[in-house]
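Student: Got a sequence here, can you model it:
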Amino acid sequence: MLLAELADVSRAVAANPARLAKIEALAGALQSATPDEAPIAVAYLSGELPQRQIGVGWAALRDAPPPAAGPSLTIADVDAAFTRIGVLAGKGSTGERRRLIGELLAMATADEQYFLVRLLSGELRQGALDGVMTEAVARAAGVPVTQVRRAVMLRGSLPAVAGAALSGGTAALSGFGLQVGRPLKPMLAASAPAIQDALAKIAVVAGGAAGAARSAGADATVGTGGSAAAAVEWKLDGIRIQAHILDGVVRLFTRTLDDITARLPEVAAVLGKLPVRSAVLDGELIALRPDGRPLPFQDTAARAASEVPVEAVPLSVFLFDALHLDGTDLIDQPDADRHAALTSVVPAQLLMPRLVTDSADEATAFFRDALAHGHEGVVVKSLAAPYAAGRRGAGWIKVKPRHTLDLVVLAVEWGHGRRQGWLSNLHLGARDPETGGWVMLGKTFKGLTDELLTWQTAKFLELEDHRDSWTVYVRPELVVEIAFDGVQRSPRYPGGVALRFARVLRYREDKPAAEADTIGMVRALAVD
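Tutor: You can find the predicted model right below:
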């Protein structure tokens, strides 16, 4: 398949706002790809690289050579070039990357250069989101979309699943299972402003599960007050971790599925002593003071990045879920059964504190205790919910004492007065799942220390796309956690809502922009 064909499809998908039209265009392109080309095509049309990162920044893309007169590059050619560039390291590697990327762009037409530059810079926003692409793969392969979704959940890679679906159909997809050593996308939590709201949402989930259980002749877990019982767990301000254990060998993966085992020897040593042959466990790592209260998040993040030695900031382990245990996959089991499996092999000191109750008063007291220990809040969980890998399911609801959103910085304005020379005022955007773009919610310069202003100025200049006399517009890659007092209706911004008294809490370099909060979540918090 020529790269030009993919560039044409990308342009058509971006130009058509209709979801079904996007799916049809993407499915047509995938049907034209060979089994070897399909995973590459899916990755590129999703705005990703199979190699993930190849060390090519915006500076290497600014000065593209004159374009080729006609198309000749295949997507296999491009993938091979990216692989060669990605393995470069050591002295002289930066210059060699620039040379190789220049050679590749010189072989590309103007349309292909446009596609490649936006692919490499993270700017390929065309509405080909995971949901749309998943449906396109199903249509191209002629298989049920539910089967594709499950295979992606288990494999953790839509391109890999696409290759299997297009070459082997339902039989190939049925071969995907949970594999110890290969990470799954983590289950995520929705939000609620208060414990009572979270319990009400969980009761809806439990009600559906109870109806299904009665139809099957089983019993659902119901509390003494007639409402469904729920689990309430501490929510830590730490690093999400997925631990895979096989015959004493431990591998540790982040929420973005990166293997960071080598950075965390003390964590691997602790988990390697568990009495299991094989396990996949979900949990959180956090740096604690001697009195058990948490150190600032930056200390945990720096330790996980191996920027400080183990002995200076050791990380503590808190596990809260089991996805696999000694040959048995647990992701389809209800939370209550998964937690029972977890507690059967994990000592109490490694478990996340947890309360099972149907009492709002008891849950609120537990929430206050979590805050008293210095933690963020709690996660309220349905005892009946399966593990919804890669999704923000209704079975987990997080509650914090203050409103926060994870937003993406779209642009930043130069400061004035004592902030002269620093990039200061942030333009904040929420994710729009329908378009694949971003919806601006407002601006803030509050909460920024001099240290943070210095850091973000350098960071945003690296992410710069273009600028005017006052504002630097950046690639939408950096997630920032914003505290605010409420959401109000506002005609001033395109989303129709604005944040009240927004202020910066911290940057979330551990979180990809694809996991930023959506405009729908923001609108749900708005008051009339």
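
Student: And the residue of the chain most remote from its centre, how far from Met521?
Tutor: Relative to the C-alpha centroid of the chain, counting by C-alpha atoms, centre = their mean, Ala69 is the outermost residue, at 39.5 Å. When C-beta to C-beta, to the nearest Å is applied, the distance between Ala69 and Met521 equals 48 Å. Bear in mind the C-beta positions are built from the backbone N, C-alpha and C, glycine included.

Student: can you tell me the helix or strand for His466?
Tutor: Take DSSP states H and E as the rule and His466 turns out to sit in strand 464-467.

Student: re the thing from before, so what's the closest residue in space to the residue farthest from the centre of the chain that isn't next to it in sequence up against?
Tutor: Distances taken as C-beta to C-beta, 6 or more residues apart in numbering place Thr109 nearest to Ala69, at 7.5 Å, with adjacent residues excluded. For Thr109, the set of contacting residues under the criterion of C-beta atoms under 8 Å, 6 or more residues apart in numbering consists of Ala4, Pro67, Ala68, Ala69, Gly70, Pro71.

Student: tally of neighbours for the last one?
Tutor: Close neighbours of Pro71, defined as other C-beta atoms under 10 Å, add up to 17.

Student: in what helix or strand does the residue lying closest to it once chain neighbours are set aside lie?
Tutor: What sits nearest to Pro71 in space, not counting adjacent residues and going by C-beta to C-beta, 6+ apart, is Ala4, at 3.7 Å. In this structure, Ala4 sits in helix 3-15 according to DSSP H and E.

Student: Now do the same for Asp528: its pLDDT.
Tutor: Predicted confidence (pLDDT) for Asp528: 40.

Student: do Ala230 as well
Tutor: 97.

Student: What is the neighbour count of it?
Tutor: Ala230 sits with 30 neighbouring residues when counted by other C-beta under 10 Å.

Student: and what of Trp396?
Tutor: With neighbours defined by other C-beta under 10 Å, the count for Trp396 comes to 26.

Student: and what of the one 3 residues further on?
Tutor: By the measure other C-beta under 10 Å, the count of residues near Val399 is 25.

Student: Would you map the strands across the stretch 101-250 of the chain?
Tutor: Counting by DSSP state E, counting those that start in this stretch, residue ranges of the strands within the stretch 101-250 of the chain are 188-192, 230-235, 239-246, 249-253.

Student: tell me the domain ranges of this structure?
Tutor: 3-173, 200-399, 403-527 (automatic domain parsing).

Student: Residue ranges in this protein under the pLDDT threshold?
Tutor: Along the chain, the parts satisfying pLDDT under 70 run over 123, 125-129, 207-227, 527-528.

Student: At the geometric centre of it, which residue do we find?
Tutor: Nearest to the chain centroid, counting by C-alpha atoms, centre = their mean: Glu515, 4.0 Å.

Student: So that residue is in contact with Leu407, correct?
Tutor: No - the pair Glu515 and Leu407 fails to qualify as a contact (C-beta atoms under 8 Å) at a distance of 11.3 Å.

Student: Can you pull the residues that touch both of these two?
Tutor: Overlap of the contact sets of Glu515 and Leu407 (by C-beta under 8 Å, 6+ apart) consists of Val479.

Student: Using CSV, lay out the domains of the chain together with distance to Ser191.
Tutor: Listed next are those as CSV, based on distance: least, C-beta to C-beta, whole Å:
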stretch, distance to Ser191
domain 3-173, 20
domain 200-399, 6
domain 403-527, 7
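
Student: And those: which comes nearest Ala192?
Tutor: Distance to Ala192, taken as C-beta to C-beta, is lowest for domain 200-399 among these, at 4.9 Å.

Student: okay, how far is it across the closest one, tip to tip?
Tutor: From its first residue to its last, domain 200-399 covers 13 Å (C-alpha to C-alpha, to the nearest Å).

Student: now do stretch 269-286
Tutor: Calculated as C-alpha to C-alpha, the first-to-last residue distance of stretch 269-286 is 16 Å.

Student: so how far is that stretch off the chain centroid?
Tutor: Going by C-alpha atoms, centre = their mean, to the nearest Å, the spacing between the C-alpha centre of stretch 269-286 and its chain's C-alpha centre is 22 Å.

Student: Would you indicate which residues of it are buried?
Tutor: For stretch 269-286, the buried set under the neighbour-count rule, 16 or more other C-beta atoms under 10 Å, comprises Val270, Leu271, Leu274, Val276, Ala279, Val280, Leu281, Asp282, Gly283, Glu284, Leu285, Ile286.

Student: swap in stretch 150-169?
Tutor: Buried residues in stretch 150-169, counted by 16+ other C-beta under 10 Å: 150-166.

Student: next one: stretch 404-416
Tutor: Thr404, Leu405, Asp406, Leu407, Val408, Val409, Leu410, Ala411, Val412, Glu413, Trp414, Gly415.

Student: Of all pairs in these, which one spans the longest distance?
Tutor: The two members of these with the most space between them (C-beta to C-beta) are Thr404 and Trp414, at 26.7 Å.

Student: Where does Val504 fall, secondary structure wise?
Tutor: strand 503-507.

Student: what are the C-alpha coordinates of that strand, in PDB please?
Tutor: This file holds the C-alpha atoms of strand 503-507, laid out as PDB (Å, rounded to 0.1, in the frame of the first residue of the first chain):
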ATOM      1  CA  ARG A 503      -5.700  26.800  39.200                       C
ATOM      2  CA  VAL A 504      -2.800  24.500  38.400                       C
ATOM      3  CA  LEU A 505      -2.200  21.600  40.800                       C
ATOM      4  CA  ARG A 506       0.500  19.700  38.800                       C
ATOM      5  CA  TYR A 507       1.500  18.400  35.400                       C
END
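
Student: Check the offset of that strand from the chain's centre.
Tutor: Between the centre of strand 503-507 and the centre of its chain there are 18 Å (C-alpha atoms, centre = their mean).

Student: Stretch 299-308 too?
Tutor: Mean-position distance between stretch 299-308 and its chain equals 20 Å (C-alpha atoms, centre = their mean).

Student: Between the two ends of that stretch, what distance do you get?
Tutor: Using C-alpha to C-alpha, the gap from the first to the last residue of stretch 299-308 comes to 9 Å.
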